[in-house]
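In: My questions are about this predicted structure, shown below with the sequence.
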Amino acid sequence: MMRMRARLLVLQVLVLALLVVLAGRLWQVQVVRGQEFVQRATETRTRTVLVPAVRGQILDASGRPLVRNKTALVVSVDRTRLARTPDGGAGVLAKLSKVLGRPVQDLQRRITPCAPKVPKPCWTGSPYQPVPLDEKVSTREALQILERQEEFPGVTAEVHSVREYPGGRAGAQMLGYLQPVTEAELEKREGLKASFSGVDLAGRDGLEYVYDDELRGKSGLRRVQVDRMGKALGVEEQTAPVAGDTIVTSIDSRVQAVVEKALAHAMKAQPSADGAAGVVLDVRTGRVVALASAPGYDPAIWAGGISARGYQWLLSDKSGKPLVSRAINGQFAPGSTFKISSVSAMLRAGYPLNGTYDCPGSYMVGDRAFNNFRGQGLGTMSLHTALVKSCDTIFYRAAYEQYLKDGGRNPKKHPKEIFANTARAFGFGKPTGIDLPGESSGRIPDRAWKKDLWARTSAISCKRSRTGYPEEKDAARAAFLKRLALENCTEGFLLRPGDSANFSIGQGDVLVTPVQLARAYMALVGDGRLRSPRIAWAQVRPDGTVVKTFDVPVVGKLPLSEKERLYIKGALSDVASDGTAAGAFAGFPMDRVRVGGKTGTAEVWGKKDTSWFASFAPTDHPQFVVVVMVSQGGMGAETAAPAVREIYEGIYGIKGPAALPGGRPVSRLPRFAPDGTVIRE
């Protein structure tokens, strides 16, 4: 009995102690820290949500849309409301999966907030912002959701603005695409971080990337009243978003379509061709009229988020890597189109402009004979004829003589390297500065480059000189590669005689991009000034006001006198009528539009030749420079030159309606109405 009373006493004391602790805690919360908690509760009554702005359009020179916005049905999910359902939204997502035809796991990942260890895709936006799940919803799918809202709490199907590409595949690499904003990008770009709405997309390539800030616009603001559980009660304040500005480009969509079609025909005519590029520049202004790369792809693939499999396809060898722009990123040996630089180097070295030169079938460079095309000797000729007939041996000799003057295998302390330095003065070996991201620099090999290459690769070359190439099935090729490895191991740091000869005709280690070559020809047939090409022409506000125009900067001057430049231009003016491109232009109305240019056929180890044709027209007062490159396309006159002919026929309407009825690029900006629409004239 006594033991029972003792236990009851202990229990009473324990209960009393708990009541005292509870009372003390209640007094602390309500009295001591009451004001603090009231203030915290007040602070959580509003939530700020940034409302994304409509992205600006990208137009061609006449105001035709290259990239515009269209309305689309977008299914979104309110995560907060979904979480309040009895099963945390699992049942809703299961039903939504059946309607959209997408796995539940995929939908779940997309609404999961991003965190360091959370796999992509995940949600980077505000918890008070609906999470878009699908931007390619049909009306039927949307109605299934809207008509059965009791089964889809927190799910909406609304009209949103998404990107549309009226030209389809045309200029896809140039225009670029949009992707969700990453955390790293937010940290790097303060302006973007300040206006990020949580659902914004950022430019990832092309013009969308370069002019992302101009196109983005300014997000709106909405302050939402919420209760202490986070449920929205109403809108306290709202500021409308400001649409992004329009970018007017110098691209002519009609010419762009002509170039795309010509590249497609060129690749179809050469089954071995694995890529092509076309560049059209306005000689008068330095602006880009068309820029194409093949194979292409439909940029609409990015809408609503691209799958990992789709992205890998864009970069795969099987698809031809359509995401890569061969116009600005493709680096190829230019072949004889490079001779405009080599003949200029000869003039800089003191060879007479009006002299005569022997064109034998072959020429000994060191202990090796370098042959003319098909070993044909063409006799004595001028530099004019050397360009028209594309004599190689004249350039071999000049380059080898300058190599010896620089000391040959034992170079002088400060060699002149006239051929390499002249090429750099033509803009080769460095990016043109075109307003597109990721441009390649090409390569101008000189003595310093050889030493640097040897330092980076000699260990591998020396190892291969001992082990050989057992994985190579062709015994003759394996033996050749082993000998080459030994040579590169022991003297790879030296510029060899053959290197100088190959350089002079745009072979060997010389690499250029199509846009570099087009820029060099534009300077040659224009005013002699080297410009950084521009695609963007003007930035226009949504109300039609022109904010600014984008100038084309002059970045250099060709190392030629006016007399020398006109001499070379005059020689190139005969190539399509009497030279190496005469066959490709047979029957072309030269009396109406005279075309000049230079063919190029560049050898590639283990592959078919790279086909080039760099051109300009009309020859008396050039308006356009057109360059076409076809990888594994064979001879320049065989594939690239016919493609260039097709482009000129389209521009001038020789076989149908003219892409440019006046035969000139558009020279003034389109006019805009106060509502931002283009006034058609």
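Out: Arrived safely, thanks for sending. Residues are numbered from 1 along each chain as shown.
In: Longest strand of this structure, counting residues only.
Out: The strand that spans the most residues within the chain, counting by DSSP state E, is strand 65-77.
In: And the helix or strand that that one is followed by, how far out from the chain middle?
Out: Going down the chain from strand 65-77, the next helix or strand is helix 79-83, by DSSP states H and E. Centroid separation between helix 79-83 and its chain, computed with C-alpha atoms, centre = their mean, to the nearest Å, is 40 Å.
In: Please settle this for me: is Arg519 part of a helix?
Out: Yes: under DSSP: H, G, I helix; E, B strand; the rest coil, Arg519 falls within a helix.
In: who touches it in this structure?
Out: Neighbour list for Arg519: Leu281, Gly427, Thr432, Leu530, Arg531, Ser532, Pro533 [criterion: C-beta atoms under 8 Å, 6 or more residues apart in numbering]. (Glycine included, C-beta is placed from N, CA and C.)
In: Once you drop chain neighbours, what's closest to it?
Out: In this structure, Arg519 finds its nearest non-sequential neighbour in Thr432, 5.1 Å apart by C-beta to C-beta, 6 or more residues apart in numbering.
In: ok so, going back, could you say which of the contacts of Arg519 is surrounded by the most neighbours?
Out: Leu281 (29 neighbours; other C-beta atoms under 10 Å).
In: Past the worst-scoring helix or strand of the chain on mean pLDDT, which element shows up next along the chain?
Out: One helix or strand of the chain scores below all others by mean pLDDT, DSSP states H and E: helix 190-195, with a mean of 57. Next helix or strand after helix 190-195 toward the C-terminus (DSSP H and E): strand 201-203.
In: Can you name the residues in contact with the next helix or strand after that following strand?
Out: Downstream of strand 201-203, the first helix or strand assigned by DSSP H and E is helix 206-210. With C-beta under 8 Å, 6+ apart as the test, helix 206-210 has contacts from 58, 67, 173-178, 202-203, 215, 247, 249, 435-437, 535-536.
In: any idea how far Arg447 lies from Asn488?
Out: 15 Å (C-beta to C-beta, to the nearest Å).
In: before we move on, what about Trp302?
Out: The spacing between Trp302 and Asn488, counted by C-beta to C-beta, is 43 Å.
In: and if you look at Pro622?
Out: Distance from Pro622 to Asn488, by C-beta to C-beta: 43 Å.
In: Quote the end-to-end distance of stretch 439-446.
Out: With C-alpha to C-alpha, to the nearest Å as the measure, stretch 439-446 spans 22 Å from end to end.
In: chain center to it: distance?
Out: 18 Å.
In: Restrict stretch 455-466 to CA atoms and write it as CSV.
Out: Extracted C-alpha coordinates of stretch 455-466, given in CSV (Å, rounded to 0.1, in the frame of the first residue of the first chain):
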residue,chain,number,x,y,z
ALA,A,455,56.4,20.2,-77.5
ARG,A,456,52.9,19.0,-77.1
THR,A,457,53.1,15.8,-79.2
SER,A,458,56.7,14.6,-79.3
ALA,A,459,56.2,12.1,-76.5
ILE,A,460,53.4,10.4,-78.3
SER,A,461,55.3,10.5,-81.6
CYS,A,462,58.4,9.0,-80.1
LYS,A,463,56.3,6.2,-78.5
ARG,A,464,54.5,5.5,-81.8
SER,A,465,57.9,5.4,-83.7
ARG,A,466,58.8,2.4,-81.5
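In: model confidence over that stretch, on average?
Out: The predicted model assigns stretch 455-466 a mean pLDDT of 94.
In: Walk me through the domains of the chain.
Out: As given by automatic domain parsing, the domain ranges for the chain are 72-160, 253-295+513-652, 335-504.
In: Return the most buried member of the ones you listed.
Out: domain 253-295+513-652 (a mean of 22; mean count of other C-beta atoms under 10 Å).
In: pLDDT of it, averaged?
Out: Averaged over domain 253-295+513-652, pLDDT sits at 97.
In: Likewise for stretch 65-74?
Out: 85.
In: Over to stretch 373-380?
Out: On average, stretch 373-380 scores 89.
In: Identify the residues contacting it?
Out: For stretch 373-380, using C-beta under 8 Å, 6+ apart, the contacting residues are 356-362, 372, 385, 389-392.
In: Now these in TSV, please, with extra columns for distance to Glu472 and secondary structure.
Out: Shown next, in TSV, are those (distance: C-beta to C-beta, whole Å; DSSP: H, G, I helix; E, B strand; the rest coil):
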residue	distance to Glu472	secondary structure
Thr356	47	coil
Tyr357	41	strand
Asp358	41	strand
Cys359	38	strand
Pro360	36	coil
Gly361	33	coil
Ser362	30	strand
Asn372	31	coil
Thr385	43	helix
Lys389	39	coil
Ser390	34	coil
Cys391	36	coil
Asp392	30	coil
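In: ok, these vs Gln632, which is closest?
Out: Nearest to Gln632 out of these is Ser390 (C-beta to C-beta; 20.6 Å).
In: Regarding the chain, what is its longest helix?
Out: helix 2-27 (DSSP state H).
In: Which elements pack onto that helix?
Out: Counting contacts by 3 or more C-beta pairs under 8 Å, 6 or more residues apart in numbering; DSSP states H and E, helix 2-27 packs against no other helix or strand.
In: same question for it, mean pLDDT?
Out: On average, helix 2-27 scores 74.
In: Apart from its neighbours in sequence, what residue is nearest Ala420?
Out: Using C-beta to C-beta, 6+ apart, the nearest residue to Ala420 is Asp446, at 4.1 Å.
In: I'd assumed Thr422 was in contact with the one you found.
Out: No: using C-beta atoms under 8 Å, Asp446 is not in contact with Thr422, being 11.4 Å away.
In: The longest strand of the chain: partners in the sheet, and parallel or antiparallel?
Out: strand 58-59 (antiparallel), strand 131-134 (antiparallel), strand 155-164 (antiparallel) (DSSP bridges).
In: closest to Phe550 out of the ones you listed?
Out: strand 58-59 (13.1 Å).
In: and for that closest one, what are the contacting residues?
Out: 65-68, 175, 207-208, 215, 246-249, 670, 678.
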